[in-house]
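Colleague: Take a look and give me a structure for this.
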Amino acid sequence: MSEVKLNIDGNKGFFHIDIDGKQEAKMTYVFAGEKQIIIDHTEVNPGNEGKGLGKQMVKKAVEYARENNIKIIPLCPFAKSVFDKVPEFRDVL
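Modeller: Below is the predicted model of the structure:
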């Protein structure tokens, strides 16, 4: 399993997974106030589909939300589908 990293830049940021020094997956978000983030886009490079990288990033976002007592608004269709399929992540919605 690859490590999911977080980059924060002011009121926005992204989660990403690097494999062999190359960014292979990225999920962007923006803050909506101080206590909510909006996940707006998830992207996985060709050849990495079906490896669970997107779900790993959503899981990391959920962990981040729990640790920082914030809520997630999943506007990205992929992220929304993960929340729909994984009931244990819904406490941060």
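Colleague: Strands of the chain, start to end?
Modeller: 4-9, 12-19, 22-31, 36-44, 71-74 (DSSP state E).
Colleague: now what about the last one, what contacts it?
Modeller: It stands for strand 71-74. 32, 35-39, 58, 61-62, 65, 79-80, 82-83, 92-93 (C-beta atoms under 8 Å, 6 or more residues apart in numbering). C-beta here means a position set from N, CA and C on the backbone, and glycine is covered the same way.
Colleague: what does stretch 5-25 give?
Modeller: 2-4, 26-31, 42-45, 48, 53-54, 56-57, 60-61, 64.
Colleague: Flag every buried residue along that stretch.
Modeller: Gly13, Phe14, Phe15, His16, Ile17, Glu24, Ala25 (16 or more other C-beta atoms under 10 Å).
Colleague: Save the residues you listed as JSON lines, and put in pLDDT and distance to Glu88 too.
Modeller: Below are the buried residues of stretch 5-25 laid out as JSON lines (pLDDT from 0 to 100; distance: C-beta to C-beta, whole Å):
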{"residue": "Gly13", "pLDDT": "97", "distance to Glu88": "24"}
{"residue": "Phe14", "pLDDT": "98", "distance to Glu88": "23"}
{"residue": "Phe15", "pLDDT": "98", "distance to Glu88": "19"}
{"residue": "His16", "pLDDT": "98", "distance to Glu88": "23"}
{"residue": "Ile17", "pLDDT": "98", "distance to Glu88": "21"}
{"residue": "Glu24", "pLDDT": "97", "distance to Glu88": "26"}
{"residue": "Ala25", "pLDDT": "98", "distance to Glu88": "22"}
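Colleague: Appreciated, that's everything.
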